[in-house]
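Asks: Sharing a model prediction with you, sequence too.
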Amino acid sequence: MKPILTATASEIVHCVRKALEDWVRPVLQGKSELSYVTTASHLLSYVEHMIEHEGQMLLDETILLRDILSRAVDWLHGRDGAMDLKSSIAAYLLETRPINVYPSLRIIGEEVALLRQHICDLLSLLHRENSDADLHAQDLHAEIRKYIAWQLVQETRLVEPSFRGRGPRR
């Protein structure tokens, strides 16, 4: 007996993209129609790469952000106007994801969005305090800058191969 083959989400998106490129695009005449199909093809290529890589990228980002925020909790202690942020970060750091719930892209994406907001709030506080003499603040600021640079590299790893060699959208 042969096993039943089940296409992955990435394979399905790839087949839809190829059908657009190989069957629909060649018969279109108008510039607008060609533009729409080309744009759809580019976006489907991007979705293919997202399906394959986004989960690991989000998990990696979660680990990195948890590390930065765990160090930020100490710095936030006793700062004016920082108790809500400290409490929110500390509560998050104590949470654990249930092991019987699959960490879907939506779940991990929401988690990363919350962590990114904490980083933005922390960065705003660091800027407001302008604590050049505070070595802990300088270290946190440097870690956030490294994180932002890392995040740009990660995004490039996802976007660049999705659109490489695909030509202009129109």
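Replies: Now that the structure is in, tell me what you want to look at. Numbers count the residues shown, from 1 in each chain.

Asks: pLDDT on stretch 40-51, on average?
Replies: Mean pLDDT, computed over stretch 40-51, is 92.

Asks: what's next to that stretch, contact-wise?
Replies: With C-beta atoms under 8 Å, 6 or more residues apart in numbering as the test, stretch 40-51 has contacts from 8-10, 13-14, 16-17, 20-21, 25, 158-159, 161-163, 166, 169. Quick note: C-beta positions are derived from backbone N, CA and C, even for glycine.

Asks: Show me what counts as buried in that stretch.
Replies: Neighbour-count burial for stretch 40-51, counted by 16 or more other C-beta atoms under 10 Å, picks out A40, S41, H42, L44, S45, Y46, V47, E48, H49, M50, I51.

Asks: Only C-alpha atoms, please: export it in PDB.
Replies: This file holds the C-alpha atoms of stretch 40-51, laid out as PDB (Å, rounded to 0.1, in the frame of the first residue of the first chain):
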ATOM      1  CA  ALA A  40       0.300  38.100  -6.300                       C
ATOM      2  CA  SER A  41       3.100  35.900  -7.500                       C
ATOM      3  CA  HIS A  42       5.700  37.900  -5.600                       C
ATOM      4  CA  LEU A  43       3.600  37.800  -2.400                       C
ATOM      5  CA  LEU A  44       3.000  34.100  -2.700                       C
ATOM      6  CA  SER A  45       6.800  33.600  -3.000                       C
ATOM      7  CA  TYR A  46       7.200  35.600   0.200                       C
ATOM      8  CA  VAL A  47       4.500  33.500   1.900                       C
ATOM      9  CA  GLU A  48       6.400  30.300   0.900                       C
ATOM     10  CA  HIS A  49       9.500  31.600   2.600                       C
ATOM     11  CA  MET A  50       7.500  32.700   5.600                       C
ATOM     12  CA  ILE A  51       5.900  29.300   6.100                       C
END
